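Peer 1: the following comprises the amino acid sequence and a computationally predicted model.
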Amino acid sequence: MKIAIIINTSWNIYNFRRGLVRYFLDRGDEVIAIAPADAYSKKLQDLGCRIIDLPMSASGMNPFADFVLFLKLRGILKEERPDVVLTYTIKPNIYGSLAAGWLGIPCICNVSGLGTTFLWKGWVKKMATTLYSFAFRFNSWVFFQNTDDREEFGRFVRIDMSKTSLLPGSGVDVDHFKPDSPPENSIPVFLMISRLLVEKGIYDFIEAIRILRRKGRKAEFHLIGGLDEEHSRAVSRSELEEWIEEGLISYQEHIEDVRVAIAQADVVVLPSYREGTPRTLLEAGAMGKPLIATDVPGCNHVLIDGYNGFLCKVKNPNDLAAKMSLFLSLNDEEQFQMAQNARQSIVERFDERLVIKLYSDKMDEFVSGL
């Protein structure tokens, strides 16, 4: 089988879909990664993928640029003629569905979260939902990562719900992400791994830290995430530098192996405003780390309040600080049990082998039906 995967970064394929790619390569399929070239393109080639560079802007909607993107994508698919197309993220989902549908190629889309487009109002949201409604008439199947996203998507986008189903996120390799030796921290370490955007709750995290500091709670706060100053709702470099100088956080923009940072933390925090199924929580939970996240779609799909962590109110730094303080108040035995629960929950519900099987079964169904 010849499989084309279309996504907005090669980084995304390598970090979030690597297990899926390996599975198809191991069974003898040809896998073509169609994405903007970046530092991870070579890593995908080393796995056995063939790379086709397709530049695209991950955000923003320029009708002319997007039409050119559609034409280029249609040309690639016409030349390659894959048996099936897999798409992720908004632009590949829309223009991949249109291009594959135009050519009569089965296309399976993954709506991994409604994203900022659905959190904000205005013409961008209207345009996105209109394009989705048109494009999804031509694809074969749509995977969603939680029930809330599936239901809300259906309220804004005209879609045949009979050709949709749920995935447990992108899944996680529970053999790769597994518990390490307990950290030997003199004081507890809270870790947030995220892009530095308003919607990820970064300002809520910083304010919660200030609240805990004023109350004299002893802890360290680590932040890892890319600084994207071109994004309209991103943290500015000057703000980030102020937080560092103020001694609120220890910051790293990037880490090659995120397991190192997770292993050194006592608890992982994600005060996001909405998610699909957050990879950060899956990886941290698989490594036996208690979680603190907002009670919103995606996060509350992973986190069971009081079992593998604590849920807090969205856009509420006081409640976030209260839940972080609650974790600090747990004794060693209670923290250990929560860590055990975190690992068990991910293994049972989010093992990437569950995701791979759902993809494999659906792809075989469509390809064998041609």
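Peer 2: Received it, and whenever you're ready, just let me know what you need. Numbers count the residues shown, from 1 in each chain.

Peer 1: from S345, how far off is H254?
Peer 2: Counting by C-beta to C-beta, to the nearest Å, the separation of H254 from S345 is 28 Å. Heads up, the C-betas are built off the backbone N, CA and C, glycines and all.

Peer 1: buried set for stretch 164-184?
Peer 2: Neighbour counts using 16 or more other C-beta atoms under 10 Å place T164, L167, P168, G169, S170, G171, V172, D173, V174, F177 of stretch 164-184 among the buried residues.

Peer 1: ok, back up a step: H254 and S345 - which one has more neighbours?
Peer 2: Neighbours were counted for H254 and for S345 using other C-beta atoms under 10 Å; S345 has more, 20 against 9.

Peer 1: which element is I94 on?
Peer 2: With elements taken from DSSP states H and E, the one containing I94 is helix 90-103.

Peer 1: give the next helix or strand downstream of that helix.
Peer 2: Following helix 90-103 in sequence order, the next helix or strand is strand 107-111 (DSSP H and E).

Peer 1: now D361: how far from V142?
Peer 2: Using C-beta to C-beta, D361 is found at 15 Å from V142.

Peer 1: before we move on, the earlier item: the helix holding I94: which residues count as buried?
Peer 2: Buried positions in helix 90-103, judged by neighbour count with 16+ other C-beta under 10 Å: 90-101, 103.

Peer 1: closest one of these to K218?
Peer 2: Within these, proximity to K218 (C-beta to C-beta) peaks at I90, which comes in at 42.4 Å.

Peer 1: what's the spacing between the closest one and L131?
Peer 2: According to C-beta to C-beta, I90 stands 9 Å off from L131.

Peer 1: could you do I94 as well?
Peer 2: For I94, the distance to L131 (C-beta to C-beta) stands at 5 Å.

Peer 1: for the stretch 51-200 of the chain, give me the ranges with low pLDDT.
Peer 2: Across the stretch 51-200 of the chain, residues meeting the criterion (pLDDT under 70) sit at 58-61, 113-125.

Peer 1: hang on, E242 in a strand?
Peer 2: No. Secondary structure assignment places E242 outside any strand; it is helix (DSSP: H, G, I helix; E, B strand; the rest coil).

Peer 1: tell me how many other residues crowd it.
Peer 2: The local packing of E242 (other C-beta under 10 Å) involves 12 other residues.

Peer 1: quick revisit: could I get the buried residues of helix 90-103 as CSV with distance to D295?
Peer 2: CSV is the format used below for the buried residues of helix 90-103 (distance: C-beta to C-beta, whole Å):
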residue, distance to D295
I90, 25
K91, 30
P92, 30
N93, 27
I94, 30
Y95, 34
G96, 33
S97, 32
L98, 36
A99, 38
A100, 37
G101, 38
L103, 43
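
Peer 1: tell me the one among those residues nearest to L270.
Peer 2: Minimum distance to L270 across the buried residues of helix 90-103 is 21.2 Å, recorded for I90 (C-beta to C-beta).

Peer 1: isn't that closest one up against T129?
Peer 2: No. Using C-beta atoms under 8 Å, I90 and T129 do not qualify as a contacting pair, with a distance of 10.8 Å.

Peer 1: pull out the buried positions in stretch 207-220.
Peer 2: Buried residues in stretch 207-220, defined by neighbour count with 16+ other C-beta under 10 Å: E207, A208, I209, I211, L212, R213, R217, A219, E220.

Peer 1: for it, measure first residue to last.
Peer 2: Stretch 207-220 stretches 14 Å from its first residue to its last (C-alpha to C-alpha, to the nearest Å).

Peer 1: show me the contact partners of it.
Peer 2: When contacts are defined by C-beta atoms under 8 Å, 6 or more residues apart in numbering, stretch 207-220 is touched by residues 185, 187-190, 221, 248-250, 271, 317-318, 320-321, 324-325, 328.
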